[in-house]
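Peer 1: Sequence and predicted structure, then a few things I'm wondering about:
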2 protein chains.
Amino acid sequence: MSDVQNRRILLASRPEGKPTLDNFRIEAAPCPSPGPGEVLTKTLWLSLDPYMRGRMNAAKSYAAPVGIGEVMEGGTVGEVVSSRSDLFRPGDIVLGHGGWQEYAVLGEKTLRKLDPAAAPVQTALGVLGMPGMTAYTGLHNIGQPKPGETLAVAAATGPVGATVGQIARIRGCRTVGIAGGPAKCRALIEEFGFDAAVDHKAPDFPEKLAAACPGGIDIYFENVGGAVWTAVFPLLNDFARVPVCGRIANYSDTAPPPGPDRTPQLFGAILTKRLRIQGFIVWDFASQAKDFQREMGAWIREGRIKYREDVVEGIGNAPEAFLGLLEGRNFGKLLVKVASPGMQAPD
Amino acid sequence: MSDVQNRRILLASRPEGKPTLDNFRIEAAPCPSPGPGEVLTKTLWLSLDPYMRGRMNAAKSYAAPVGIGEVMEGGTVGEVVSSRSDLFRPGDIVLGHGGWQEYAVLGEKTLRKLDPAAAPVQTALGVLGMPGMTAYTGLHNIGQPKPGETLAVAAATGPVGATVGQIARIRGCRTVGIAGGPAKCRALIEEFGFDAAVDHKAPDFPEKLAAACPGGIDIYFENVGGAVWTAVFPLLNDFARVPVCGRIANYSDTAPPPGPDRTPQLFGAILTKRLRIQGFIVWDFASQAKDFQREMGAWIREGRIKYREDVVEGIGNAPEAFLGLLEGRNFGKLLVKVASPGMQAPD
């Protein structure tokens, strides 16, 4: 196997503000070998997700940063090509954290076997995986949707936003999706069944959003921050819930924005409107994984939850695709198709 | 009864920034007469509370503002002096919303009869009343104290803060009280049983607070805002809860403070630390009043909850006492003793 090359994307330097291609480096390394209890996987699909921007910073967040010169982290669907585990054998398709590379050695305890007959395997990185479960757990545990309420969500054609909107609709909410540009807004209505769609790139976005929410907003699923938050804030109703899942618009801020300081205004509204603003990450609700798999699996089979994928080919294109994600250029769950299954394994 | 004068305090003008005595006016009016289903009460005790600052503004908060020329709102304990209600008779001591005046006509449905043998009647305005129930409901429903956690609260010798700290201690928390000046800090330890006390007037307050919270803060009961919040914020632990009950330090802000805008920083912490920040007012939990009365009554009888009163004599001194409250000059529950019970009723 030593003559098989493993192309991988390393973090070359930490970004100052917006990341650029220079922050990444591609290199070819010898393909690694599994130790006892490990398998060698060939990466079929790499997931690209906003949280990865946080891993590029030196500061500890809820997870440790990626080190300079280390392979970028990421969820993957891979095919087992050689195994020193009793649990997996060559040909198995597994969900794991292989990172931005063509091959990865992974411990058997970190893997989950996927059934290609049950659903397209890459959905384990999207609607049936971390993004879908983020939507499901944040919406139910913190958003607590009730029939007749209005839910708003941004990045609404993305895998989290689209799922949030569709689950909220199943729960009886009126759903307002926010996305960038007319094509995405059309998809919100026609593909994902939102009740209203608002283009955040429109010059009169705040007015359009207010018009789309005549009864105010009861749940704002926060995954973008920035100007969308500013427009949402005055529309929040008494007792509104704000699950805070991400703030992609602020991830590359190098300094706090100029004043005045709006914190007292925010607390004033929290108090008088009795808002609940609560952060979470999906693993806080790990115990709900089985409920999520069961319920979401059924909704997808019944056609009640739709999903959309944006596929980029080849590991070498991962950095550029990721930069596009931070700019909102993807349209659906962003995936890198790294290889096809069933090809000759390295020997 | 027409020759009995009712001295009352009116809102003369709306404050711009900090209120002054000029915002109030005292006048003597004829004593009113009760209609059917109403009683005339003589005010014995008037409660002064931070929320009244909000009522002086024109903006609607969770309650309508007091109008210019109207009697200032306030909770009162009064003695029924004449009754056109079947539920109350002269001599009864009642809790109601009589406002800042010596006599008030109140509807029978707005009153609760008090038993002077059960507890000093003015405690119905403090530890056994709205402030105590604010502490009890906000702490339990949002703060959700668990044994071994650290709770911090400011205005900690006040009726809400002192009660929050003592209940949290009963629930097994380590409690850190924040108050202004050495005398109050001493009372926190010696009178109210806090584990630590920190003087927010000390020049090195943030460092002192950090030293008093070596394991960070799991619950911050927010009732002051301002510089205390700034010192507390970096000490919040993962999964900390922040019941937002008041922001007295910010009530008289006329404009947002200068920049930078700290909102993104706050949301960043909400996300990575999974904070829960939630506003409430006591009446949101009105259904828990019986639990509160039962449990708090027992704690007071058992000596497990202490309370302290700061009494001012005479309705005419209410405005100055209220201004002092906004500056933290009171030491304990601020009450105006307006009259004594059992004196000749106006005929």
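Peer 2: Perfect, thanks for sending it.
Peer 1: hey, let's count contacts and neighbours off CA atoms from now on
Peer 2: Will do.
Peer 1: What residues sit buried inside stretch A:164-179?
Peer 2: Residues of stretch A:164-179 classed as buried: A:164-169, A:171, A:173-179 (neighbour count, 16 or more other CA atoms under 10 Å in any protein chain shown).
Peer 1: closest point of the stretch 101-250 of chain A to chain B, which residue?
Peer 2: Distance from chain B to each residue of the stretch 101-250 of chain A (CA to the nearest CA) is smallest for A:Val244, at 5.9 Å.
Peer 1: now for the buried residues of stretch A:164-179, which pair is the farthest apart?
Peer 2: A:Arg171 and A:Ala179 (21.8 Å; CA to CA).
Peer 1: In contact with the residue in chain A positioned nearest to chain B: list those residues for me.
Peer 2: The minimum distance from chain A to chain B, using CA to the nearest CA, falls at A:Gly259 (3.1 Å). By CA atoms under 8 Å, 6 or more residues apart in numbering or on different chains, A:Gly259 lies in contact with B:257-261.
Peer 1: ok, of these, which come out buried?
Peer 2: Of all these considered here, the ones buried according to neighbour count by 16+ other CA under 10 Å are B:257, B:261.
Peer 1: Quick check: phi and psi on A:Gly225?
Peer 2: Geometry field for A:Gly225 lists phi and psi as phi 70, psi -150, criterion degrees, to the nearest 10.
Peer 1: Quick check, it in contact with A:Ala249.
Peer 2: Yes: with contact defined as CA atoms under 8 Å, A:Gly225 reaches A:Ala249; the gap is 5.6 Å.
Peer 1: Of the two, which one has the most company?
Peer 2: Higher neighbour count among A:Gly225 and A:Ala249: A:Gly225, with 22 against 18, using other CA atoms under 10 Å in any protein chain shown.
Peer 1: next one: phi and psi at the nearest residue to the more buried one once chain neighbours are set aside?
Peer 2: Leaving aside its sequence neighbours, A:Gly225 sits nearest to A:Arg247 (CA to CA, 6 or more residues apart in numbering or on different chains; 4.6 Å). In terms of degrees, to the nearest 10, the main-chain angles of A:Arg247 are phi -140, psi 60.
Peer 1: Settle this for me: A:Phe322 is touching A:Ser47, isn't it.
Peer 2: No: counting by CA under 8 Å, A:Phe322 sits too far from A:Ser47 to count as a contact (9.8 Å).
Peer 1: tell me, how many neighbours does the closest residue to A:Val311 other than its chain neighbours end up with?
Peer 2: By the measure of CA to CA, 6+ apart, the closest residue to A:Val311 outside its immediate chain neighbours is A:Leu335, 4.9 Å from it. Around A:Leu335 there are 25 other residues, counting by other CA under 10 Å.
Peer 1: tell me the SS of the residue of chain A closest to chain B?
Peer 2: Here A:Gly259 takes the coil state, with states given by DSSP: H, G, I helix; E, B strand; the rest coil.
Peer 1: Neighbours of the closest residue to A:Leu10 other than its chain neighbours, how many?
Peer 2: If the residues on either side of it in the chain are set aside, A:Leu10 comes closest to A:Val71, at 4.3 Å by CA to CA, 6+ apart. The burial metric for A:Val71, expressed as a neighbour count using other CA under 10 Å, is 21.
Peer 1: Distance-wise, check A:Val71 relative to B:Met130.
Peer 2: Noted for A:Val71: a distance of 57 Å to B:Met130, by CA to CA, to the nearest Å.
Peer 1: follow-up on the earlier one: quickly find the element holding the residue nearest to A:Val311.
Peer 2: Under DSSP states H and E, the secondary-structure element containing A:Leu335 is strand A:333-337.
Peer 1: Distance from the chain centre to that strand, please.
Peer 2: Averaged C-alpha coordinates place strand A:333-337 at 11 Å from its chain's average position (CA atoms, centre = their mean, to the nearest Å).
Peer 1: Strand partners (parallel or antiparallel) of that strand?
Peer 2: Strand pairing for strand A:333-337, determined by DSSP bridges: strand A:38-47 (antiparallel), strand A:309-313 (parallel).
Peer 1: I would like the residues contacting the longest one, please.
Peer 2: When contacts are defined by CA under 8 Å, 6+ apart, strand A:38-47 is touched by residues A:32-34, A:74-85, A:88, A:98-108, A:122, A:125-126, A:334-341.
Peer 1: Only alpha carbons, please: show it as CSV.
Peer 2: Once side chains and other backbone atoms are set aside, the C-alpha atoms of strand A:38-47 remain, and they are given as CSV (Å, rounded to 0.1, in the frame of the first residue of the first chain):
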residue,chain,number,x,y,z
GLU,A,38,-8.5,0.2,13.2
VAL,A,39,-9.5,0.2,9.6
LEU,A,40,-8.2,2.0,6.5
THR,A,41,-11.0,3.8,4.7
LYS,A,42,-11.1,5.3,1.3
THR,A,43,-13.0,8.6,1.5
LEU,A,44,-16.0,8.6,-0.7
TRP,A,45,-17.7,11.8,0.6
LEU,A,46,-16.3,14.7,2.6
SER,A,47,-18.7,17.0,4.4
